[in-house]
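> Fold the following and give me the result.
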Amino acid sequence: MSKKLAISIITYNRPKHIQEYLNYIIKPTQEKNIDIYIYDGSTNRATEHIVDGFINKGYNHVLYFHYEEDAIHERINDAILKPDAKYIWFCGDKFIINPINYDTILEHIDRDYDIITMYDCGLNGTKYSNNSVEYVKYSIVPFTHFGAVIIKKELLSEEVIDRYNNSYPAFARMRSYIEIATKKDFRGATLHLKDLRILSKYKTRSASESMMWEVWVIQWYNMINSIPKAYDNVKDDLFCAMDKRMNFFSMYELLKQREEQQFDFKMCRQNKKIVNKVICLPYIIVECISILTPGMAKVIRKLLEFQN
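Residues are numbered from 1 along each chain as shown. Alright, predicted model coming up:
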């Protein structure tokens, strides 16, 4: 018999994260009858041994799958489509939702929403909506996070996800959510939850942090630009939403990105239209940073740190 909710985790060479994650959620999920699925692309068996340790202790609601190659797209598709549950909670391995929120989440699942998003900052309270444009505009930031979206499984399909994998691989899942939100009779909930996350003690840098311009400028712009015409009136808000709410391209962050040679003058000029849409700072400031040498950008960034 299908469960009400499954937590579906993708991971890659982070056994300590999985150990920490399961330590927090293993007992509460068992008590709430929530299954845990782990899709592991690791190059070794360290994560598998950790998961086996929990299963051998009687936590049979944990299911583990190992892939011989990283197979990121296959793992994401399986994590979204394979769990036997009415709702899928798709997670990475370091965004740990505090189990104190499980009752609230399950209560909203019982209300039969199509998509439930949750976040703890950048929102002005919990909101419910059957207007897809209003919902996507409000939920755009949590949409981007592994672990912040729960979706009704029957609305998902491999065809929908694969449709966007080639064009915007970093946002194929999110683009699928936007398409689902445009369906007739859509119902969405965005939960503003205090004490939402448990911060991992392991500090790891996500892959996108070293490709901010490729992912969060160019791919982001192209993805938002592709969404249905129903969203035309809010597209400008969506283009700059991540910078406005998350400060992805503040002066400090741009200096850091230039220091790491994530962008240069040529890239800036070639994408001027996109930069103007996605980045909140005036274009002239972004262009001035783009002509700095990495060493100069580092010096100025350190001066900003000293002043603060």
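> could you give me the average pLDDT of the lengthiest helix in the chain?
The longest helix of the chain (DSSP state H) is helix 15-31. Helix 15-31 shows a mean pLDDT of 96.
> cool, stretch 217-226 as well?
Stretch 217-226 comes out at a mean pLDDT of 95.
> May I have it as PDB, with CA atoms only?
C-alpha atoms of stretch 217-226 as PDB (Å, rounded to 0.1, in the frame of the first residue of the first chain):
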ATOM      1  CA  VAL A 217      22.500  34.300 -14.800                       C
ATOM      2  CA  ILE A 218      22.300  32.500 -18.200                       C
ATOM      3  CA  GLN A 219      20.500  29.300 -17.500                       C
ATOM      4  CA  TRP A 220      18.200  31.100 -15.100                       C
ATOM      5  CA  TYR A 221      17.300  33.800 -17.600                       C
ATOM      6  CA  ASN A 222      16.700  31.200 -20.400                       C
ATOM      7  CA  MET A 223      14.500  29.100 -18.100                       C
ATOM      8  CA  ILE A 224      12.300  32.000 -16.900                       C
ATOM      9  CA  ASN A 225      12.100  33.300 -20.500                       C
ATOM     10  CA  SER A 226      10.700  30.000 -21.600                       C
END
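> So which residues make contact with that stretch?
Identification of contacts with stretch 217-226 by C-beta atoms under 8 Å, 6 or more residues apart in numbering yields 164, 167-171, 174-175, 235, 238-239, 242, 249, 263, 271, 274-275, 277-279. All C-beta atoms are positioned from the backbone trio N, CA, C, and that covers glycine.
> Show me which of the residues you listed are buried.
Buried members of those, scored by 16 or more other C-beta atoms under 10 Å, are 164, 168, 170-171, 174-175, 238-239, 242, 249, 263, 271, 274-275, 277-279.
> Which elements pack onto the helix or strand hosting residue 288?
Here residue 288, judged by DSSP states H and E, is contained in helix 283-290. Contacting helix 283-290 under the criterion 3 or more C-beta pairs under 8 Å, 6 or more residues apart in numbering; DSSP states H and E are the following elements: helix 251-259, helix 265-270, helix 272-278.
> Buried ones in stretch 197-210, by neighbour count?
197-198, 200, 209.
> now, which of those sits nearest residue 78?
residue 200 (23.8 Å; C-beta to C-beta).
> residues touching that closest one, list them.
Taking C-beta under 8 Å, 6+ apart as the test, what residue 200 contacts is 17, 20, 94, 96.
> Specify the local secondary structure of the closest residue to the second one other than its chain neighbours.
Here the nearest residue to residue 20 in space, its sequence neighbours aside, is residue 200; by C-beta to C-beta, 6 or more residues apart in numbering that works out to 6.1 Å. Local secondary structure at residue 200 is given as coil here, using DSSP: H, G, I helix; E, B strand; the rest coil.
> Need the distance between the two termini of stretch 186-201.
38 Å (C-alpha to C-alpha, to the nearest Å).
> Run a quick check on residue 140 versus residue 239, I expect a contact.
No. Taking contacts as C-beta atoms under 8 Å, residue 140 lies outside contact range of residue 239: 10.1 Å.
> List the buried residues in stretch 240-257.
Neighbour-count burial for stretch 240-257, counted by 16+ other C-beta under 10 Å, picks out 240-243, 248-249, 253-257.
> Show which residues not belonging to stretch 251-260 make contact with it.
Stretch 251-260 is contacted from outside by 210, 212-213, 247, 249, 263-264, 279, 281, 285-286, 289-290, 292, 294-295, 297-298, 300-301, 304-305, using C-beta under 8 Å, 6+ apart.
> one more time with 6 Å
212, 289, 292, 294, 297-298, 300-301, 304 (C-beta atoms under 6 Å, 6 or more residues apart in numbering).
> As TSV, those residues with pLDDT would be great.
Below are the contacts of stretch 251-260 laid out as TSV (pLDDT from 0 to 100):
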residue	pLDDT
212	96
289	98
292	98
294	97
297	98
298	97
300	96
301	96
304	92
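> Buried among the residues you listed? Need that as a selection in PyMOL.
Restricted to buried positions by 16+ other C-beta under 10 Å, the PyMOL selection for the contacts of stretch 251-260 reads:
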select buried, resi 212+289+292+297+298+300+301
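> List just the nearest of the contacts of stretch 251-260 to residue 118.
Lowest distance from residue 118 to these (C-beta to C-beta) belongs to residue 212, with 24.6 Å.
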